[in-house]
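Q: got a sequence here, can you model it:
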Amino acid sequence: MCRAGQRLRGDAMTTTFQKRQKEMKRMEKRKMKEEKRVQRKLDKTAEKESGVSTEEIMEPLTGPIPYDPEQ
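A: Numbers count the residues shown, from 1 in each chain. Next comes the predicted model:
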């Protein structure tokens with residue numbers, strides 16, 4: 001009887017540990033999402049202040065770049 005009780009208690013401790021680990025993962029994921037949200041907000045604010053959008057900066061190139069030997 002004593003051994004069965006120990007085994008059950010060990011399983012319960014393992015389950016508790018697993019639940020704690022799962023909760024820690026959730027908390028970490030929530031924290032990472034919040035950090036990303038804050039960073040995006042800061043980027044948007046900086047973009048508005050500078051007056052240059054990322055779309056203007058990341059303009060795609062179409063065709064070869066002309067070569068000017070005088071430069």
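Q: so which strand or helix has the residue at minimal distance from the centre of the chain?
A: Closest to where the C-alpha atoms of the chain average out (CA atoms, centre = their mean) is Met32, at 4.5 Å. Using DSSP states H and E, Met32 sits in helix 2-50.
Q: so for that helix, what's the average pLDDT?
A: What helix 2-50 shows for mean pLDDT is 85.
Q: ok, back up a step: how near is the residue nearest to the centre of the chain to Tyr67?
A: 45 Å (CB to CB, to the nearest Å). Using the backbone N, CA and C atoms, a C-beta is placed for each residue, glycine as well.
Q: and Ile65, what helix or strand is that in?
A: Per DSSP H and E: nothing holds Ile65, as it lies in no helix or strand.
Q: phi, psi of it?
A: As for Ile65, its main-chain torsions (degrees, to the nearest 10) stand at phi -80, psi 130.
Q: number of nearby residues for it?
A: Close neighbours of Ile65, defined as other CB atoms under 10 Å, add up to 6.
Q: one more: Glu47?
A: 15.
Q: how much space between it and Glu35?
A: Separation of Glu47 from Glu35 (CB to CB): 19 Å.
Q: what's the helix holding Met32 packed up against?
A: For helix 2-50, there is no helix or strand it packs on, judged by 3 or more CB pairs under 8 Å, 6 or more residues apart in numbering; DSSP states H and E.
Q: repeat that for 10 Å
A: helix 54-57 (3 or more CB pairs under 10 Å, 6 or more residues apart in numbering; DSSP states H and E).
Q: give me the element Val62 is part of.
A: No Val there; residue 62 is Thr. Judged by DSSP H and E, Thr62 forms part of no helix or strand.
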